[in-house]
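1. Output the structure for:
(chains A and B)
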Amino acid sequence: MSVPASELKAFRADVSAWLADNKPADPGFLLPQSFMEVGSEQQLDFLREWQHKLWSAGYLGMAWPKEYGGQGVAGAFQKVADQEMARHDVPICFNTIGLNWVGPMILDIGSDAERAKYLKGILSGEDIWCQGFSEPDHGSDLGNAQTRAVRDGDDYVVNGSKIWTTLGNFAKYMILLARTTPNTERKYDGLSFFLAPMQIPGVDAHPIRKITGEYGFNQMFFTDARIPADCMMGEEGDGWRIAMKTLEYERGVSAGQAGGLWMIRVLADDAITQLQGHTRDGDAVLADPMVRDRLVQLAMEEKALQLGQKRAGISALTTDYPFSLPISGKYRATEYTRRLRQLAVALQGSDGALYVGDDDVRDGGFWQRAYFNAFSATIGGGTTQVQANIIGEHVLGLPK
Amino acid sequence: MTKSVIGSLAMEFSDEQAMLLDVAREFCRDKSPMDVVRANLETDTGYDAAVWQEMVDLGWAGIALPESVGGAGLNIGAAVPVMEAMGRALLGTPLLSTTLAGQLLARAGGAQAEPWLAKIAAGTVATVAHLESADWGSESYLATIDSNGLIDGRKSYVGDAGVADIFIVVVSADDNPALAMVTRAQLGADAVQMNTLIDLTKRSGKVDFSGVTVSQDALITGPAVATALRDFRLLGALLVAAEAAGTAASCLDTVVEYLKTRKQFGKLIGSYQALKHPMVDILCGVDNARSFVYHAATVLDDEPLSEDAEVACRMAKSQATDILEYAGDRAVQFHGGIGFTWDCNAQLFIRRAQWVRQAFGDALHHRKRLANSLLDQFL
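-> You can find the predicted model right below:
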């Protein structure tokens, strides 16, 4: 669906005006920098209210069908709304796993009943979703998941543990990858996929304290948890296929996401601006030739990422390796983000040694916290190193 | 209010440009297989005159010159896909020198330039003689021209000096830059001394113009010359970047192919992450180079280059230079022992990378200028 530029322009003005009027005031406590960092009820309540407000105004899930709570308009509108959210620096939409991974996946391959049951609650923020893929002993090696689900009457009885579960302590549902058949010839074939309720006996969440000192991730323990059999998506053994489909949305390889910011936007401009007024070797930091070269490289990397997104849409300019840009998107963007934030701390002189809580720390410790939190993206969703394998094998055709 | 350091993100590519890219890639692939590239290393000119004539017939010599002088009437962005295709096939021709000579002249010259442009569009090889030292950042000229049109000065690194029929000599006329049009027939017998270049697909030389006299109609002066020279340097950086992006892509393919076939310790060596992951970084670097190059092609026109265009050309050169340097270097290493030999094509890539690095300014040069454009506003 292509939308006339004039229509998008008018829409941009509308969203921008709405955001300016409705951007919430600073709540007086630290807000999460991404959806993976919701550590307190206080943060959760605040973000839930914000997401509900955005959705009620019609700026979330715009491309989803009306019957499921969307607006039924072209995805281009959501893109504009997201850009404006970033530009206005509004809080994140915390229910990211539902909005951008589970929701589009259910829209794509789910049944009508599943669509009707789950989609609207994702958009409104009423139903919080978490993801049960990684296990303590199987982080990047997802296909080797060992959490067991054994059929017993109308239920599956689940035992095992999942880890790095964002929002696990608050979630109503989990997308759960569990082994229904052990010892299959291919490890992938024994896996099944559940849209599993979380607020049931036998499911316990243990919050994990992160390098930032804050919370957000959990380890989930399943002890004879009974999950109704009709919560299985597809058939037994379809787990790997559905998990891979979900990852396409998570990694941004496929479109259809409901939108909303999933992490605060930190740009090269921000890293540069925070250096204004500070000195290095007695002169402005931004006058130091070595620093300037690093910052120009940073700006180039950010610009190249954005230009790459545009070039990806021009088929004549992607004939060599048609999927290299989308498949390498996570690899490049998350590593860029980490380097940007690391550099922003590194150029602070002795202030780089301060942390959240110190009176003199710059911007309340924003950059230190942002740098540490960047690892959630370079590790989560398939580490950078696994991404490099995927790109090498699937794009360049190098052997496994 | 400061401006974002990211700036313009324009990226367009018309069906016409897509067709040109297709034609150019096919042409270069056909005309320049590796055995032909290698045969041309040993020749005086570095290219096959018949292939050059075909390129002229395709309209590429005057691709960005106005139709009034016999050109194709496209803007200089149209040369980008052609240069990328040439780089991919390591095809040596005087197209870069000739195209840039045409641009400098068209941008500086007005009506006075037209007869010269008509010759260029018709396939006469032209080149710009501007450098006097290894310093690409220097913008002053020791070569002078006096009121009688007498030139005094020598120029270095003059591209395709051995075959050019038209030399556009950048000289100082009363301390202002001017362009003197010199034809090969005006040069003394020993005026041209060819360089021994690290990249044997390229040709350049030292040229002594001392004693040559040009007539008034062959001397272009005025304020447009300085702007045209600035734009010539930026366009040179861009076209070299486009060529380098193509070469880096081809280098990537060459190494990937080797990693898919060579076995050591019982495994294909491409399965080792120590080799696989750097290849991924080369792929991403080549992707970025192509994005910058085609972004630059989008924001260029026949007017003096805009700030966006200047930034785009510099970023393209910085990115393409760095990635080809890395790709060429790794190409030698990842081929193992065979990579150290003359017969392995890795040598062509690493040698091209050294030539590309310096041509029209290295990455540090361009990033230094970019810092001035982008960061000074924050001071």
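
2. what ranges do the strands span in chain A?
-> A:129-132, A:148-152, A:155-162, A:173-179, A:191-197, A:203-208, A:217-228, A:232-233, A:279-280, A:283-284 (DSSP state E).

3. Save those strands as TSV, and put in mean pLDDT too.
-> Listed next are those as TSV, based on pLDDT from 0 to 100:
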stretch	mean pLDDT
strand A:129-132	97
strand A:148-152	97
strand A:155-162	97
strand A:173-179	97
strand A:191-197	98
strand A:203-208	96
strand A:217-228	97
strand A:232-233	97
strand A:279-280	96
strand A:283-284	96
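
4. Let me have the ones you listed in JSON lines, extended by mean neighbour count and distance to chain B.
-> C-beta: built from backbone N, CA, C; applies to glycine. Converted to JSON lines, those look like this (neighbours: other Cβ atoms under 10 Å in any protein chain shown; distance: least, Cβ to the nearest Cβ, whole Å):
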{"stretch": "strand A:129-132", "mean neighbour count": "26", "distance to chain B": "26"}
{"stretch": "strand A:148-152", "mean neighbour count": "17", "distance to chain B": "32"}
{"stretch": "strand A:155-162", "mean neighbour count": "20", "distance to chain B": "27"}
{"stretch": "strand A:173-179", "mean neighbour count": "26", "distance to chain B": "26"}
{"stretch": "strand A:191-197", "mean neighbour count": "24", "distance to chain B": "25"}
{"stretch": "strand A:203-208", "mean neighbour count": "16", "distance to chain B": "28"}
{"stretch": "strand A:217-228", "mean neighbour count": "19", "distance to chain B": "27"}
{"stretch": "strand A:232-233", "mean neighbour count": "22", "distance to chain B": "33"}
{"stretch": "strand A:279-280", "mean neighbour count": "14", "distance to chain B": "12"}
{"stretch": "strand A:283-284", "mean neighbour count": "13", "distance to chain B": "6"}
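
5. The residue sitting furthest away from the middle of chain A and residue A:349, how far apart?
-> In terms of distance from the mean C-alpha position of chain A, residue A:282 ranks first, at 41.2 Å (Cα atoms, centre = their mean). Distance, residue A:282 to residue A:349, using Cβ to Cβ, to the nearest Å: 12 Å.

6. cool, residue A:158 as well?
-> 52 Å.

7. how about residue B:308, what does it touch?
-> Neighbour list for residue B:308: B:7, B:8, B:10, B:299 [criterion: Cβ atoms under 8 Å, 6 or more residues apart in numbering or on different chains].

8. Apply 6 Å and report the result again.
-> By Cβ atoms under 6 Å, 6 or more residues apart in numbering or on different chains, the contact list for residue B:308 reads B:7, B:8, B:299.

9. Dump these to TSV, plus neighbour count, pLDDT and distance to residue A:324.
-> Shown next, in TSV, are the contacts of residue B:308 (neighbours: other Cβ atoms under 10 Å in any protein chain shown; pLDDT from 0 to 100; distance: Cβ to Cβ, whole Å):
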residue	neighbour count	pLDDT	distance to residue A:324
B:7	18	95	24
B:8	18	96	23
B:299	22	97	24
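
10. Got the confidence number for the residue nearest the centre of chain B?
-> Closest residue to the average C-alpha location of chain B: residue B:240 at 3.1 Å, with Cα atoms, centre = their mean. pLDDT, residue B:240: 98.

11. Relative to residue B:84, how far out is it?
-> Counting by Cβ to Cβ, the gap from residue B:240 to residue B:84 is 11 Å.

12. measure the nearest residue to residue A:301 once chain neighbours are set aside to residue A:377 for me?
-> Distances taken as Cβ to Cβ, 6 or more residues apart in numbering or on different chains put residue A:336 closest to residue A:301, at 5.2 Å, once the chain neighbours are dropped. Here residue A:336 is placed at a distance of 10 Å from residue A:377 (Cβ to Cβ).

13. before we move on, what about residue A:312?
-> For residue A:312 relative to residue A:377 (Cβ to Cβ), the value is 20 Å.

14. And for residue A:359, the neighbour number?
-> Residue A:359: 5 surrounding residues under other Cβ atoms under 10 Å in any protein chain shown.

15. residues in contact with it?
-> Applying Cβ under 6 Å, 6+ apart, no residues contact residue A:359.

16. Residue ranges in chain A under the pLDDT threshold?
-> A:1, A:139-140 (pLDDT under 70).

17. Next to chain B, which bits of it? Give me the list.
-> By Cβ under 6 Å from any Cβ of the partner chain, the residues of chain A that approach chain B are A:268-269, A:272, A:276, A:284, A:286, A:292-293, A:296, A:299-300, A:302-304, A:306-308, A:310-311, A:314, A:316-317, A:324, A:328, A:332, A:388, A:391-392, A:396, A:398-400.

18. Just the helices from chain B, written as ranges.
-> B:15-31, B:34-41, B:49-57, B:79-88, B:95-109, B:114-121, B:223-261, B:273-299, B:307-334, B:346-358, B:363-375 (DSSP state H).

19. Of all these, which one is nearest residue B:157?
-> Closest to residue B:157 of those is helix B:346-358 (Cβ to Cβ; 8.6 Å).

20. Just the angle for the closest one relative to helix B:34-41, thanks.
-> Helix B:346-358 runs at 60 degrees relative to helix B:34-41, counting by axes from the mean of the first three to the mean of the last three Cα atoms, to 10 degrees.

21. and helix B:346-358, what does it pack onto?
-> Packing partners of helix B:346-358 (3 or more Cβ pairs under 6 Å, 6 or more residues apart in numbering or on different chains; DSSP states H and E): helix B:223-261, helix B:307-334.

22. Can you say which of these is packed in most?
-> helix B:307-334 (a mean of 25; mean count of other Cβ atoms under 10 Å in any protein chain shown).

23. Now do the same contact list for residue B:56.
-> Taking Cβ under 6 Å, 6+ apart as the test, what residue B:56 contacts is residue B:123.

24. Tell me how far it lies from chain A.
-> 25 Å (Cβ to the nearest Cβ, to the nearest Å).

25. which residues touch stretch B:242-249?
-> For stretch B:242-249, using Cβ under 6 Å, 6+ apart, the contacting residues are B:80, B:83-84, B:86-88, B:286, B:289-290, B:293, B:320, B:323-324, B:327, B:352, B:356.

26. Out of those, grab the one that's most surrounded.
-> That'd be residue B:324 among those, by other Cβ under 10 Å, with 35 neighbours.

27. Distance check, it against residue B:351.
-> Per Cβ to Cβ, residue B:324 is found 11 Å from residue B:351.

28. Same check on residue B:6?
-> Separation of residue B:6 from residue B:351 (Cβ to Cβ): 35 Å.

29. of the residues of chain A next to chain B, buried ones?
-> A:268-269, A:272, A:284, A:286, A:292-293, A:296, A:299-300, A:302-304, A:307-308, A:310-311, A:316-317, A:324, A:328, A:332, A:388, A:391-392, A:396, A:398-399 (16 or more other Cβ atoms under 10 Å in any protein chain shown).

30. Output the longest helix seen in chain A as PDB, nothing but the C-alphas.
-> Criterion DSSP H: the longest helix present in chain A is helix A:289-311. Coordinates of each C-alpha in helix A:289-311 appear next as PDB, following Å, rounded to 0.1, in the frame of the first residue of the first chain:
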ATOM      1  CA  PRO A 289      41.500  15.800  16.500                       C
ATOM      2  CA  MET A 290      41.500  12.200  17.800                       C
ATOM      3  CA  VAL A 291      38.100  12.600  19.400                       C
ATOM      4  CA  ARG A 292      36.800  14.300  16.200                       C
ATOM      5  CA  ASP A 293      37.900  11.400  14.100                       C
ATOM      6  CA  ARG A 294      36.200   8.900  16.400                       C
ATOM      7  CA  LEU A 295      33.000  11.000  16.400                       C
ATOM      8  CA  VAL A 296      32.900  11.300  12.600                       C
ATOM      9  CA  GLN A 297      33.300   7.600  12.300                       C
ATOM     10  CA  LEU A 298      30.400   7.200  14.700                       C
ATOM     11  CA  ALA A 299      28.200   9.600  12.700                       C
ATOM     12  CA  MET A 300      29.100   7.700   9.500                       C
ATOM     13  CA  GLU A 301      28.200   4.400  11.000                       C
ATOM     14  CA  GLU A 302      24.800   5.800  12.100                       C
ATOM     15  CA  LYS A 303      24.200   7.400   8.700                       C
ATOM     16  CA  ALA A 304      25.200   4.200   6.900                       C
ATOM     17  CA  LEU A 305      22.700   2.200   8.900                       C
ATOM     18  CA  GLN A 306      19.900   4.500   7.900                       C
ATOM     19  CA  LEU A 307      21.000   4.800   4.300                       C
ATOM     20  CA  GLY A 308      21.200   1.000   4.200                       C
ATOM     21  CA  GLN A 309      17.500   0.700   5.200                       C
ATOM     22  CA  LYS A 310      16.700   2.900   2.300                       C
ATOM     23  CA  ARG A 311      18.900   1.000  -0.100                       C
END
